[in-house]
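Peer 1: dropping the sequence and predicted coords here.
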Amino acid sequence: MPLLENGRLVADEWVRVADDAPVPDQPAILSLARLRSEDLAGRNAKLGLALDPATQPEEIAALLPRLSLITVTLPKSKDGRAFTQARALREHHGFTGEIRATGHVLPDQWRMLLRCGVSTVEVPEGADPAQWERSRRLVDIAYQPALGAAAPLGLLRRRLETV
């Protein structure tokens, strides 16, 4: 699947690796069980983690220095755990790598995902980036503060700055 990054579609250099498959010598996304069970210390290629929606970011804090990418999954559009995971990874654990939203992500959610620290979104084949961009620009206020300096101010900050 293509990725949406900074408003444009980009190719995905990462490979998802099943628990019983060999780890290739390229950027690989592994499960938490596989990361914990294998010694990958001598590996030169980048490592990623497919974070299960039920896993708390505190449970993977020790692994973060080894990771370049973490995928957070939205199993359905009304499941907000990925938003919480992304925000906690950035705010509380200082993760600076790529956070990718996967699963049932809607264009309307893109703006909020960016505010929570998500870097890229896995979109369906044939997705129109213009539709995603229109959805991102549709509502320009937010109720929570953003993690990026380029994001618009939250509603409370707007009120305080006009006083």
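Peer 2: Perfect, I can see it now.
Peer 1: okay, now the unreliable bits of this structure?
Peer 2: 139-163 (pLDDT under 70).
Peer 1: where do the helices sit along it?
Peer 2: Applying DSSP state H to the chain gives helices spanning 32-37, 81-91, 110-115, 129-138, 155-161.
Peer 1: now the ones you listed in CSV, with distance to residue 62 and mean neighbour count?
Peer 2: Backbone N, C-alpha and C define where each C-beta goes, glycine included. Output for the helices of the chain, formatted as CSV (distance: least, C-beta to C-beta, whole Å; neighbours: other C-beta atoms under 10 Å):
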stretch, distance to residue 62, mean neighbour count
helix 32-37, 10, 14
helix 81-91, 13, 20
helix 110-115, 25, 21
helix 129-138, 34, 14
helix 155-161, 34, 11
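Peer 1: any chance of those helices in a markdown table with distance to residue 2 as columns?
Peer 2: Below are these laid out as a markdown table (distance: least, C-beta to C-beta, whole Å):
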| stretch | distance to residue 2 |
| --- | --- |
| helix 32-37 | 25 |
| helix 81-91 | 19 |
| helix 110-115 | 14 |
| helix 129-138 | 9 |
| helix 155-161 | 33 |
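Peer 1: just the strands in this structure please.
Peer 2: Residue ranges of the strands in the chain, as given by DSSP state E, are 3-5, 8-10, 15-16, 28-30, 47-51, 69-74, 98-103, 120-122.
Peer 1: ok, back up a step: figure out which of the helices of the chain is closest to residue 10.
Peer 2: helix 129-138 (10.1 Å; C-beta to C-beta).
Peer 1: identify all contacting residues around that closest one.
Peer 2: 4, 7, 8, 9, 106, 107, 108, 110, 111, 114, 121, 123 (C-beta atoms under 8 Å, 6 or more residues apart in numbering).
Peer 1: so what's the first one up against?
Peer 2: What that stands for is residue 4. Taking C-beta under 8 Å, 6+ apart as the test, what residue 4 contacts is 10, 110, 120, 121, 122, 123, 127, 129, 132.
Peer 1: tabulate the strands of the chain (CSV), appending distance to residue 87.
Peer 2: Rendered in CSV, the data for the strands of the chain read as follows (distance: least, C-beta to C-beta, whole Å):
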stretch, distance to residue 87
strand 3-5, 19
strand 8-10, 23
strand 15-16, 24
strand 28-30, 21
strand 47-51, 13
strand 69-74, 10
strand 98-103, 10
strand 120-122, 16
